[in-house]
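Chemist: model this:
(chains A and B)
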Amino acid sequence: MLYFDNASTTKISEAALNSYVEASELFYNPSALYAEAGKTKQLLENARSQILKRLKAPAKSNFIFTGSATEANNAVINACVARKDKTYLISAGEHSSVYAAAKQKKDEGYNVKFVPLLKNGGVDKQKLFQMLDDSVAFVSIIHVSNETGAINDIADICAQIKQFNPNILFHSDGVQAVGKMDVNLSKLGVDFYTISAHKIYGPKGVAGLYIKNTNRFKPLLFGGGQEFNLRSGTENLPGICGFVTALKNVEIHDFSKHKQALLNEINEPHILVSDANCEDNIISICFEGMRGETILHMLEEQGFLIGTGSACNSHAAGNRVLEQIVPKNYLSGAVRISFGAEISLDDCTNLGKTLDGAVKTYKLKTKR
Amino acid sequence: MNEVILIRFNEIHLKGGNKHYFLKLLINNIRHALSGIDCKIENIQNRVLVRGYDDADEIVEKLKFVFGVHSISKAAEVNNSEEEIVNFVKNITISGSFKCQVNRADKAFPIKSNEFAAKLGEIVLNNNSKSYVDVRQPNTVINVDIRETGKTYIFYHTTYAYSGLPLGEHRDGLLLLSGGIDSPVAGFCMAKRGLRQDILHFDSFPYTSTQAKQKVVDIAKSIKDKIGAKYMYVCSMTKMQEEFHVNCKTEFAINLLRRAMIRVANAVCKQYGYKTIITGESLGQVASQTIESLTSTNSVAEYPVLRPLISFNKDEIISLAKEIGTYDISILPYEDCCTVFLPRNPIIKPKVEDAVREEAKINYAELLQAVINNIEIINLDE
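Modeler: Next up, the predicted model:
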């Protein structure tokens, strides 16, 4: 089986797995007072500073470990949404963990506005800046779209927003960006940034949140006061060690040739959502009048694992992001292909041929 | 005083010489329904008693779906003594209209039924200021059942079950189950008449999703105890549907598919010993359920096809689906077999000879055999 669904999760690397297993032997609670526990505490703090260093975070900033990127995103939304007379701008292309948390706040009576998208799934900067006014207190824009790979120019967007009002808090979900591009938090200028281990060949169940200034953050979880009292709960040290190893080892690949090799084989009519302004590792492509899941299963039979772009039928809650940018007759036939480290150019050519063939077969067998 | 659950049945009483057989079946089915719950089941003259349980509501809920059971009441069990009965009745709290009804099977009990009912009624009335007596249409009937066993049962809340006949020992029926609302209700209706069934499902993977199949498995598991099912057969109709679409007139797609389904059902009946096929069809609901369509599908059936919902309106089916707990699963948005290849204008009045002609366009026998050879069998108890 060739795995082309790396945007959903990646296979843990050997190095990350080894770190995970080694750290599992050190079972002491980092908060305990005996010397052995001190070692685990030290490992934890080393991990934290290595992550901050690797992401080129500014001095005095901080990073807290969480159980998932979903938790980190929920924590940010909860921490920053405090006054009902303030406005919160959220891109309509956010991952559901930001979108649904913001929607929840909106349902509770908070003033939340969603910024429209461009055709490639990136946020429409012009519209975003038009939406800025004195009431805006918080902005969240995903760095790389998990659906389409669209890159949002976070450094520029954040700079312009801070220029408009330096007090606006800015969050970016960088789960799909880390490991795919050079992430420099000092240059990005954001207040919060979410990253996750299992998208970069690390273990599942561990993620984290960069926080520029901890005074502007309120915890989601209360308890034993771990993570500087910002996220209580005994630290997942094995996960954290695996996370750091994964981050240290992740290589940034140029997938442009892979993308081209695949697309060269597609002759059937389609809409390519992932344009030149998208990360090359994610390809969102839609075929008219088809069902993404059927294409998925047809490819599965031939040894290729891909993702769907959309819930596969008209009654289901469809794909929120694609719904906004893809014509209706193409929507259900959306698939998402995402490359990972082990994929070769030939694999991509073969997938392209197989995909094109599957679409042809599908059409032939279901002709009206 | 003990608390017990009193189970009554009705139709079985009419079974004459076969009464004993049905009663035995029913008691077995009650035991089966309550297996896993710590309690004791006793058979006393025309009633069944359950005692020694922790959660009465759990038992009542299970018994509601044991066919042949007419009604279920939580009752107090006391000795046949005026004092004990009066002591219990004194503590009853009710409001609104009521009456007391005494059934004195134990003729040794010294007070006559009517006389005792009046006396007990007076006690209830005196202790409940918001109650009043209405012998014609009372809200509450306080039943006092004085049995020859020396025990009296007092109860005033009754849950009605579905009556009908107890599920038979053998799984004689084959229910064609889809992911829709109707077919589980059809299975339920036939089970109510004592027909134990297994399940046959058709899927169209990869044109339908894995969730669509899982949904049907979930429906099957949710009704398996009610209809007495153990196995679910899953057949892939994908190849046949593809062939129909490529080679046959599109408006016949559903008609041909349904004929193929019945033929597969014939084969399953033959191989595994089922005696009848059950479908959720309702006259005129969709194009495949007109008299002409039913004639066309029926013409290939080798076993009686039972269609208990034939006269039901959709809202009647929905309300029953809600009662039996399948509605919420059925409305999950995963498409099943029929909808993927749905023609825009399906034929409403297909003629049998036209269907036969369309079927001759493809290598029908071979395709059908392939479906039958690749049946997946799911054990619903696992």
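Chemist: Test my guess that A:I161 contacts A:F138.
Modeler: No - using C-beta atoms under 8 Å as the test, A:I161 is too far from A:F138 to be in contact (10.2 Å). From N, CA and C alone the C-beta is placed, and that goes for glycine too.
Chemist: what do these two both touch?
Modeler: A:I168, A:F170 (C-beta atoms under 8 Å, 6 or more residues apart in numbering or on different chains).
Chemist: Show the pLDDT at the residue in the stretch 1-150 of chain B that chain A sits nearest to.
Modeler: Nearest residue of the stretch 1-150 of chain B to chain A, counting by C-beta to the nearest C-beta: B:F65, 29.7 Å away. Here, the pLDDT recorded for B:F65 equals 94.
Chemist: Point me to the helix or strand that includes the closest residue in space to it that isn't next to it in sequence.
Modeler: By the measure of C-beta to C-beta, 6 or more residues apart in numbering or on different chains, the closest residue to B:F65 outside its immediate chain neighbours is B:K226, 5.0 Å from it. Counting by DSSP states H and E, the element that carries B:K226 is helix B:210-227.
Chemist: so what's the residue nearest to B:F65 up against?
Modeler: B:K226 neighbours (C-beta under 8 Å, 6+ apart): B:F65, B:G187, B:F188, B:A191, B:I324.
Chemist: Keep only those of those residues that are in strands.
Modeler: Assigned to strands by DSSP state E, none of the contacts of B:K226 qualify.
Chemist: top of those by neighbour count?
Modeler: Of all the contacts of B:K226, the highest neighbour tally under other C-beta atoms under 10 Å in any protein chain shown goes to B:G187, namely 32 neighbours.
Chemist: how far away is that one from chain A?
Modeler: Distance of B:G187 to chain A, computed by C-beta to the nearest C-beta, to the nearest Å: 24 Å.
Chemist: ok, that residue touching B:I278?
Modeler: Yes - B:G187 is within contact range of B:I278, at 6.1 Å (criterion: C-beta under 8 Å).
Chemist: Need the overlap of contacts for those two.
Modeler: Counting by C-beta under 8 Å, 6+ apart, the common neighbours of B:G187 and B:I278 are B:G173, B:L175, B:Q197.
Chemist: Nearest to B:P343 among those residues?
Modeler: B:L175 (26.3 Å; C-beta to C-beta).
Chemist: which of the residues in stretch B:178-195 are buried?
Modeler: B:178-192, B:194-195 (16 or more other C-beta atoms under 10 Å in any protein chain shown).
Chemist: Would you tell me which residues of the stretch 201-350 of chain B are close to chain A?
Modeler: Within the stretch 201-350 of chain B, the positions adjacent to chain A are B:205-207, B:209-210, B:242, B:245-246, B:250, B:333-335, B:340-341, B:343-344 by C-beta under 8 Å from any C-beta of the partner chain.
Chemist: which two of the residues you listed lie the greatest distance from each other?
Modeler: Within these, B:V246 and B:P333 form the most distant pair, 28.1 Å apart (C-beta to C-beta).
Chemist: Over in the stretch 151-300 of chain B, which residue gets nearest chain A? Let me know.
Modeler: Going by C-beta to the nearest C-beta, chain A is nearest to B:P206 of the stretch 151-300 of chain B, at 3.1 Å.
Chemist: Now for the closest residue to chain B within the stretch 101-250 of chain A: which residues touch it?
Modeler: Taking C-beta to the nearest C-beta, chain B has its nearest neighbour within the stretch 101-250 of chain A at A:E147, 19.3 Å off. By C-beta under 8 Å, 6+ apart, A:E147 lies in contact with A:G93, A:G121, A:V273, A:I282, A:S284, A:G309, A:N319, A:V321, A:L322, A:R336.
Chemist: The closest residue in space to it that isn't next to it in sequence: what secondary structure?
Modeler: Spatial nearest neighbour of A:E147, excluding adjacent residues (C-beta to C-beta, 6+ apart): A:V321 at 4.4 Å. When classified by DSSP: H, G, I helix; E, B strand; the rest coil, A:V321 comes out as helix.
Chemist: which ones are touching A:V321?
Modeler: Counted by C-beta under 8 Å, 6+ apart, A:V321 has contacts A:A92, A:G93, A:L117, A:G121, A:S145, A:E147, A:T148.
Chemist: And residue 202, what's its pLDDT?
Modeler: Going with chain A. Listed pLDDT for A:G202 reads 98.
Chemist: The chain in question should be chain B.
Modeler: Confidence at B:F202, expressed as pLDDT, is 94.
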